[in-house]
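Enquirer: sequence-free structure coming up:
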């Protein structure tokens, strides 16, 4: 702890014997060129950067050399003084020396009529990256569109030198045709996009033209009140749709993305048609959360999965499918029948080579395996695989020719686990690797594992070489 | 130090001489990352030893290592090894030698270390002498009042 005293002019000073002798007491940093100091300060929230004005006379205006601005009106849950914040933002925007601002970031709890003008001021400085976020208590879940703040201006969607745009938690109305010719990154997070200009009940078609966009990410389902959306993104590398869920009137979303390399879909069934016009997707991750809704919904959901799997440009090497479920099915038997029946209505998953099943009641498991003739890797948590199933089930086609790797997650050496393991080991003709992954406290004791291992090994004699692994995951 | 290695023309070596006389042999493509050195080479093609008068040997060594190893992972760990004094001197070096990646990495590191600190702390750490009069300082604090709300007490 440092001693300090008040000196003659009423300022706190360090006891000189404790003064840190650093760099021989030289003030190196103040001699750096303005733009370098501006660079350092650019990494700080603007509020902190501006504080440096009191360091010394030299530092009075060094903060004006920042090129990245970030403002947030909330911290430590202290009630903020809105007027002070507003004044601060205006002062900063007006005093900035840099004629060009690289990025502008605003994270707000409250609504301000001034947002429109702030945006206008930064656009006039040729800002390249804009990040705007409305904070809400409902940070991690969907909240109703009505509660989202209305985005006050469309000027961002008219700015032709804007390169990156990230918006979160707003409602916004867009004109039917939007072109942003320099935009390379767009992220819409918990947004609600509408097209209705004037007549509130008639949603329109929306066309978004982003000729040089490389990355498009959505979190939540952004298309709130549109008839259809066409996205022209011929140079897009990455398309990521996160936490999708939508049950409104049917919507068609058309991605024209001939250059697409990476595709990610995470979420549920949508009452929407997703068309992806890609050519050769290198990596695709599709994660669907199934849920037990009304009587037809399981079938609808499986049809939706099937349609996603037939997107143009997907191929066996690129695709990983993960099916999980939202809540425990109440009546297990009932639902199995629904699922098994629903699988009759969809074509085979011709290109599926990597499948992850978070739910795996026996019938569904077998049903999906039978529909995946090219499956090479199966990762699953076995829920249910009774003796009758073990005795009566037909070997799925992929077991004969393609299934090479099986991994049991959250393996607990239950009867079901072991039954399915037996089923695999007896029937998978080209199996190369089998892994049992468990996590404490379900960790198997030495004795139990030995018993399991002996049990399993008895089925493996026919293999000339099989990689068997037990994994303990923390 | 004279070298007796036979060099392929693609891996031509260059000698850099730090302010304290320490010599470093580096490959041409490493040296070219230092735009100041590049300019030197452009001006006098046949030069073999380039003087770097503003940078101590210990810092030049760190800079050269950075250029060789820089990648996302390395950069993330890089700054943790150095104290504030070294960071500043390294920034001076990076600025003189004109290495933009290293400059940015160091600016970010320095910023991180002063992020939640009071002006008093920052002055101490950088040895900045406060030549504002109390009235001037009070005026600035008032003008940018919001910036001084809720400052951490160290």
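Expert: Looks like it arrived, so ask away. None of these values were measured; they are calculated from a predicted model. Numbering: from 1, shown residues only, chains lettered A, B, ... in the order given.
Enquirer: could you point out which element follows the strand ranked longest in chain A?
Expert: Across chain A, the strand with the greatest residue count (assigned by DSSP state E) is strand A:238-256. For strand A:238-256, the following helix or strand on the C-terminal side (DSSP states H and E) is strand A:262-277.
Enquirer: and the next element down the chain from that following strand?
Expert: strand A:283-290.
Enquirer: For that following strand, buried residues please.
Expert: For strand A:283-290, a neighbour-count test (16 or more other CB atoms under 10 Å in any protein chain shown) marks A:284-290 as buried. Backbone N, C-alpha and C define where each C-beta goes, glycine included.
Enquirer: Tell me the helices and strands packed up against it.
Expert: Counting contacts by 3 or more CB pairs under 8 Å, 6 or more residues apart in numbering or on different chains; DSSP states H and E, strand A:283-290 packs against strand A:262-277, helix A:297-309, strand A:319-325.
Enquirer: Find the nearest non-adjacent residue to residue A:361, please.
Expert: Distances taken as CB to CB, 6 or more residues apart in numbering or on different chains place residue A:384 nearest to residue A:361, at 4.4 Å, with adjacent residues excluded.
Enquirer: same deal with residue A:48?
Expert: Spatial nearest neighbour of residue A:48, excluding adjacent residues (CB to CB, 6+ apart): residue B:115 at 6.1 Å.
Enquirer: Repeat that for residue A:96.
Expert: Nearest-residue entry for residue A:96: residue A:64, 5.3 Å, with adjacent residues in sequence omitted and distances by CB to CB, 6+ apart.
Enquirer: Spell out the secondary structure type for that neighbour.
Expert: Three-state assignment for residue A:64 (DSSP: H, G, I helix; E, B strand; the rest coil): helix.
Enquirer: now the residue located most distally from the centre of chain B, what's its secondary structure?
Expert: Most distant from the centre of chain B: residue B:135, at 35.6 Å, with distances by CA atoms, centre = their mean. Secondary structure, three-state DSSP: residue B:135 is helix.
Enquirer: Next one: it, what pLDDT does it get?
Expert: Residue B:135 is assigned a predicted lDDT (pLDDT) of 94.
Enquirer: For it, give its distance to residue A:447.
Expert: Residue B:135 sits 81 Å away from residue A:447, going by CB to CB, to the nearest Å.
Enquirer: Quick one: low-confidence residue ranges for chain A.
Expert: A:1-23, A:75-79, A:98, A:137-146, A:196-201, A:293-296, A:326-340, A:359-360, A:440-444 (pLDDT under 70).
Enquirer: Quick test: name the residue nearest the centre of it.
Expert: residue A:242 (4.6 Å).
Enquirer: now it: how far from residue B:49?
Expert: For residue A:242, the distance to residue B:49 - CB to CB - is 56 Å.
Enquirer: which helices and strands does the helix or strand harbouring residue B:103 pack with?
Expert: Using DSSP H and E, the element containing residue B:103 is helix B:100-114. Packing partners of helix B:100-114 (3+ CB pairs under 8 Å, 6+ apart): helix A:34-42, helix B:57-69, helix B:72-78, helix B:84-97, helix B:119-126.
Enquirer: Right, and chain B sits closest to which residue of the stretch 101-250 of chain A?
Expert: Going by CB to the nearest CB, chain B is nearest to residue A:102 of the stretch 101-250 of chain A, at 12.3 Å.
Enquirer: Just give the number of residues close to the nearest residue to that residue once chain neighbours are set aside.
Expert: Excluding the flanking residues, the one nearest residue A:102 by CB to CB, 6+ apart is residue A:67, at 4.4 Å. Number of residues near residue A:67 (other CB atoms under 10 Å in any protein chain shown) recorded here: 19.
Enquirer: now do residue A:45
Expert: Count around residue A:45 with other CB under 10 Å applied: 20.
Enquirer: does it really touch residue A:74, like I thought?
Expert: No. Look at residue A:45 against residue A:74 with CB atoms under 8 Å: they stay out of range, at 11.9 Å.
Enquirer: still on that earlier bit, show me what the residue nearest to the centre of chain A is bridged to.
Expert: Beta-bridge partners of residue A:242, counted by DSSP bridges, are residue A:219.
Enquirer: got a list of what it touches?
Expert: Neighbouring residues of residue A:242 by CB atoms under 8 Å, 6 or more residues apart in numbering or on different chains: A:217-220, A:264, A:266-267.
Enquirer: re the thing from before, mind listing what's buried along the helix holding residue B:103?
Expert: Under 16+ other CB under 10 Å, the buried positions of helix B:100-114 are B:102-111, B:114.
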